[in-house]
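In: Model the following, please.
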Amino acid sequence: MDQELAELAAAYGVATGYNDGDRRPVTVDDEVVIEVLGLLEVDASTPQARREALRAARERTAAGRLPGTIALRTTTSRPLPGSGVLVAEDGTRLDVDGELPAGLDAGWYRLETADQEVTVVVAPPALPEPPRSWGWMLQLYALHSKASWGIGDLGDLREFVTHAGREHGASAVLLNPLHAITPVPPVQPSPYTPSSRRFATPLALRVTDLDAYAVADPATRAEVDALKPETTGDRIAHDRVWAAKRSALELLWRSAGRPEPRDEPGLVDFATYCALAERFGGRWSIWPEELRHPGSDAVAAARKDLAPRVAFHGWVQQQVAGQLARARDAARGSGMSLGVIHDLAVGVDPEGADAWALQDVLALDVTVGAPPDAFNQRGQAWGLPPWRPDRLAETGYAAYRDMLRALLSHADGLRIDHVAGLFRLWWVPPGRSADRGTYVHYDAETMLAVLTLEASRAGALVVGEDLGTVEPEVTEALAERNMLGSTVLWFARDPERDDALMPPAEWPEQAVATISTHDLPTASGFLRGEHVRVRAELGLLDDVPAEEAKAAAERAELIRLMTDEGVLGSADAPEGQIVAAMHALLARSACRLVLASPYDVIGEDRQPNLPGTVDEYPNWRLPLPVSLEELLADPRVDDVVAALRSGDR
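Out: From the prediction side, this is the model:
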């Protein structure tokens, strides 16, 4: 690679090479690097353009200018190129000269120098150490009960956490993302492609639990009751469910006197987007041009014109927030020490509310994803625009901070999907295939400082999903801050012993242990080879016989490990006993938290999501094959709970 191009790429955090999942070096093509630099508004298209861009970058470095945002911990200091005044959140002013001193209180500050104004975030060195415990992980949408309307809801969640805490002594429940949808059809079924990560999905509302329903007149309640959709087939019908809930919510909003929502950060923009989407469609990029930016005069005028719809969507969000808080309170009231842990998706729909409202800090022409690995041999492109690291720094990480605050307002903890994205993200330029991208690096120290500070203020646990192609420093940084990483049974292998399955006592302590994830085979799917069969059927495998042989060998290896550990009596045991033994294996692990999934307990062999597919597989549309009432009464749940508690948890 041209040396000037390599230096320019390094100056803007664009990788010119990386190590793949097997730690083999991969060189990124020059043209991909040039395209990604262009997406950061750095012209590297010609040798002359590269020289000019590099000269400007060198001049900024020589001038000693600070980045727009800097981070430190309460226990550390940081040198400064000069003097200035540090202004705390309460307005307190502190003169600083030559360094930001150690011993500052955790919080947000503004540093004023002679020629700059810089945001400073000061974080605690670590979060409190989480206890050794166990719990559940739920795809909430997959639950269904007599009271829910065709999709798992927050009433189902309250019933589940109350039972799990009081009857079984569970400490936590981890949910799939409950981020907001765009409220027009077709409703995006994937919780990992949300319209907004700052707000929550009204699909999760239990309509009949709303105060507006309780005080409505009998005729209105009867009209609402009549809207409940019938459950048919074995697929969740997101559009039909939303149509029913939207109609019911509109009835209740009108019966409550069309209340105006309270003024909350970002809520007016979100509700305005929803109202505009109803009028112009769910793709803001093809709205009338004057409406494509939230700060325009045309949007302000439209907000007045659509005031009733803006008020309705704002009111709906406040109803969701209330039920989320009730679910959290139910978990705490049932004795759960860790409570409800929410999941933060890695990005948002490029046509959604956050992409419209926060477009100035997002790279909207890019999709993030992952390079090729063992499970996704062609790489992944997720269709999600990433943060622009330069814009985050310039704006004091305000959008990132506000998103975390919104989630933590109703959560006891956060799981950060693809936590390596706080360090680097795989950017795929427009028109490129998923394997034709490169990594763009972020200021991980600042990203982690903001997360640590906001989680500390909320008293929240943090879990990082550090699976796949992840550099060791990611896991080390999590552990240093008492954040938990992720250990999955299928991947708990020892490279020092020919990549053999690792005994559970050797699994990392600072981690959450699970049998699988939503993107991987369930316990029964793994034992039956369903994960190979379905990928082969869809043409996602290059060598089907080799994958079948690999799956059979991995199954035999797992059985041997469980018999060696004494949690399984015989390799010929029935599948239910093998699944219970898997959970006993988790319980023996060194990991601080172990989580079980209903999919594994009841023998479901279909995984919730099959990466690399969209409509070829019913991703995110599979309900559990049993109702919530049946699940809670299933004796297999008691067997798994006994196995989980066998590890002194």
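
In: neighbours around residue 503, how many?
Out: By the criterion of other Cβ atoms under 10 Å, residue 503 has 16 neighbours. Any C-beta I mention is one placed from the backbone N, CA and C, and that applies to glycine too.

In: same thing with residue 388?
Out: Residues lying near residue 388 (other Cβ under 10 Å) number 21.

In: Next, the contact list for residue 648, please.
Out: residue 132 (Cβ atoms under 8 Å, 6 or more residues apart in numbering).

In: got it, and residue 436?
Out: Contacts were defined as Cβ under 8 Å, 6+ apart; by that measure residue 436 touches 29, 32, 428, 429.

In: Same question for residue 399.
Out: With Cβ under 8 Å, 6+ apart, residue 399 has these contacts: 358, 361, 387, 392.

In: partner residues bridging residue 110?
Out: Note on residue 110: beta-bridge partners by DSSP bridges are residue 87, residue 119.

In: Tell me the helices and strands packed up against the longest helix seen in the chain.
Out: If you go by DSSP state H, the chain has its longest helix at helix 307-333. If you count contacts as 3 or more Cβ pairs under 8 Å, 6 or more residues apart in numbering; DSSP states H and E, helix 307-333 packs onto helix 154-168, strand 196-200, helix 238-255, helix 267-280, strand 339-344.

In: Paired strands for the worst-scoring helix or strand of the chain on mean pLDDT, with orientation please.
Out: For the chain, using mean pLDDT, DSSP states H and E, the weakest element among its helices and strands is strand 380-381, scoring a mean of 87. Take DSSP bridges as the rule and strand 380-381 pairs in its sheet with strand 367-370 (antiparallel).

In: Low-confidence ranges, the chain, go.
Out: For the chain, the stretches with pLDDT under 70 are 374-377.

In: Could you measure from residue 400 over to residue 406?
Out: In this structure, residue 400 and residue 406 are 11 Å apart, going by Cβ to Cβ, to the nearest Å.

In: To clarify, my last question referred to residue 82.
Out: 36 Å.

In: coming back round to it: neighbour-wise, which of the contacts of residue 436 leads?
Out: Within the contacts of residue 436, most neighbours by other Cβ under 10 Å means residue 428, with 27 neighbours.

In: wait, what's in contact with the closest residue to residue 325 other than its chain neighbours?
Out: Counting by Cβ to Cβ, 6 or more residues apart in numbering, the nearest residue to residue 325 once its immediate chain neighbours are dropped is residue 410, at 5.2 Å. Each residue near residue 410 by Cβ under 8 Å, 6+ apart is listed here: 200, 321, 324, 325, 327, 328, 342.

In: let's see it at 7 Å
Out: Taking Cβ atoms under 7 Å, 6 or more residues apart in numbering as the criterion, residue 410 is in contact with 321, 324, 325, 328.

In: does it sit in a helix, a strand or a coil?
Out: Residue 410 falls in the coil class when you classify it by DSSP: H, G, I helix; E, B strand; the rest coil.

In: again with residue 614
Out: Three-state call for residue 614 (three-state DSSP): coil.

In: Phi and psi next, for it.
Out: phi -120, psi -80 (degrees, to the nearest 10).

In: Tell me how many other residues crowd it.
Out: Other residues close to residue 614 by other Cβ under 10 Å number 9.

In: Can you tell me how far it is from residue 188?
Out: Separation of residue 614 from residue 188 (Cβ to Cβ) stands at 11 Å.

In: again, but for residue 232
Out: 21 Å.

In: same deal with residue 502?
Out: Residue 502 sits 37 Å away from residue 188, going by Cβ to Cβ.

In: Now do the phi/psi pair for the residue nearest to residue 100 when sequence neighbours are not counted.
Out: Leaving aside its chain neighbours, residue 100 sits nearest to residue 78 (4.5 Å; criterion: Cβ to Cβ, 6+ apart). The phi/psi pair for residue 78 (degrees, to the nearest 10) reads phi -150, psi 130.

In: thinking residue 78 is in contact with residue 102, fair?
Out: No - the pair residue 78 and residue 102 fails to qualify as a contact (Cβ atoms under 7 Å) at a distance of 8.9 Å.

In: Which one's more surrounded, these two?
Out: More neighbours surround residue 78 than the other of residue 78 and residue 102, with 17 against 13 (other Cβ under 10 Å).

In: ok, residue 14 - contacts?
Out: 33, 36, 37, 438, 440 are the contacts of residue 14 under Cβ under 7 Å, 6+ apart.

In: ugh, wrong one, I meant residue 57
Out: By Cβ under 7 Å, 6+ apart, the contact list for residue 57 reads 8, 11.
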